[in-house]
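>>> Fold the following, please.
(one chain, ligands or ions: 1)
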Amino acid sequence: KKVGVLISGRGSNMSVLIEAAKAPDFPAEIVGVLSNRAAAPGLEIAQQHGIATASLAQSKFPSRDMFEDTMTQILESWEVDIVCLAGFMRILGEDFVERWRGRMINIHPSLLPAYKGLDTHARVIADGVTVHGCTVHFVTPGLDEGPAILQAEVPVLPGDTPETLSARVLVEEHRIYPEALRLLASGSVSLE
Ligand code: GRF
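Residues are numbered from 1 along each chain as shown. Prediction:
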């Protein structure tokens, strides 16, 4: 299966997907990385791996639909079967989500359905919650609402800051995202 990764920034999840897909028995290859920010550091990492990249600023398009149609055209030009959102910081419209239904997954830094949206680590600490984690889920029209494929838990420790907690969660993100992609690409999970 051919995979396109959508990023906005650092690209550490993208990087672990690229590394995992190099294994000969991995059922997917990363064929392109698309960013909505030209300055995303992840673009350069992808290029160093010889992977096609593109960046598109939504502000340059007259509407979100036209921006997303252009993203779909680029993904189709790469013959993408599966889309992985990896720190893509834009809410996607229903047409785009439906276009990739069952074939688009996201990594979210919380144990969904708890803590949808932004700033999950700070909100978890503020609430005094003791268990946190991350989720790879199918993307459906509701924000952070699609069915989970894999989750991993981490403890929230006394004295944690959003930075220390996010670093602990990120280790688990990097473990479960390639595994969830493997499950989807091999047909072991599907969206009803
Ligand atoms: C990750 O924590 C991801 O869960 C969140 O944004 C961050 C992206 O980090 N949605 P990176 O770009 O993959 O390093």
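>>> what does stretch 9-26 rub up against?
The set of residues external to stretch 9-26 that reach it, using CB atoms under 8 Å, 6 or more residues apart in numbering, is 3, 5, 7, 28-30, 33, 37, 40-43, 45-46, 49, 51, 84, 86-87, 89, 107, 170, 173-174, 177-178, 181-182, 185. All C-beta spots, glycine's among them, are computed from the backbone N, C-alpha and C.
>>> in this structure, what residue is nearest the ligand?
When CB to the nearest ligand atom is the measure, the chain has its nearest residue to the ligand at G87, with 2.7 Å between them.
>>> List the contacts of that residue.
By CB under 8 Å, 6+ apart, G87 lies in contact with 7-14, 42, 107.
>>> can you map out the strands along the chain?
When secondary structure is read from DSSP state E, the chain shows strands at 2-7, 29-35, 52-55, 82-85, 104-108, 131-138, 148-155.
>>> And the first one, what does it pack against?
Spelled out, that is strand 2-7. Packing partners of strand 2-7 (3 or more CB pairs under 8 Å, 6 or more residues apart in numbering; DSSP states H and E): helix 12-21, strand 29-35, helix 41-48, strand 82-85.
>>> Figure out which of those is closest to A152.
Evaluated with CB to CB, the helices and strands packed on strand 2-7 place helix 12-21 nearest to A152, the distance being 13.1 Å.
>>> what comes up buried for the closest one?
By neighbour count with 16 or more other CB atoms under 10 Å, helix 12-21 contains the buried residues 12-18, 20-21.
>>> close to the ligand, is the lengthiest helix in the chain?
Longest helix of the chain, by residue count under DSSP state H: helix 162-185. Yes. Judged by CB under 6 Å from any ligand atom, helix 162-185 comes into contact with the ligand at 170, 173.
>>> CA atoms only for that helix - export them in PDB, please.
Taking only C-alpha atoms (Å, rounded to 0.1, in the frame of the first residue of the first chain), the coordinates of helix 162-185 have been written out as PDB:
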ATOM      1  CA  PRO A 162       3.400  19.700  29.700                       C
ATOM      2  CA  GLU A 163       6.900  19.200  28.300                       C
ATOM      3  CA  THR A 164       7.900  16.200  30.400                       C
ATOM      4  CA  LEU A 165       4.500  14.600  29.900                       C
ATOM      5  CA  SER A 166       4.400  15.100  26.200                       C
ATOM      6  CA  ALA A 167       7.900  13.600  25.900                       C
ATOM      7  CA  ARG A 168       6.600  10.500  27.700                       C
ATOM      8  CA  VAL A 169       3.500  10.300  25.500                       C
ATOM      9  CA  LEU A 170       5.600  10.800  22.300                       C
ATOM     10  CA  VAL A 171       7.600   7.700  23.000                       C
ATOM     11  CA  GLU A 172       4.400   5.700  22.900                       C
ATOM     12  CA  GLU A 173       3.100   7.600  19.800                       C
ATOM     13  CA  HIS A 174       6.200   6.500  18.000                       C
ATOM     14  CA  ARG A 175       5.600   2.900  19.100                       C
ATOM     15  CA  ILE A 176       1.900   2.600  18.200                       C
ATOM     16  CA  TYR A 177       1.700   4.700  15.000                       C
ATOM     17  CA  PRO A 178       3.700   2.300  12.800                       C
ATOM     18  CA  GLU A 179       1.900  -0.600  14.400                       C
ATOM     19  CA  ALA A 180      -1.500   0.900  13.600                       C
ATOM     20  CA  LEU A 181      -0.400   1.600  10.000                       C
ATOM     21  CA  ARG A 182       0.700  -2.000   9.700                       C
ATOM     22  CA  LEU A 183      -2.700  -3.200  10.900                       C
ATOM     23  CA  LEU A 184      -4.500  -0.900   8.400                       C
ATOM     24  CA  ALA A 185      -2.200  -1.600   5.400                       C
END
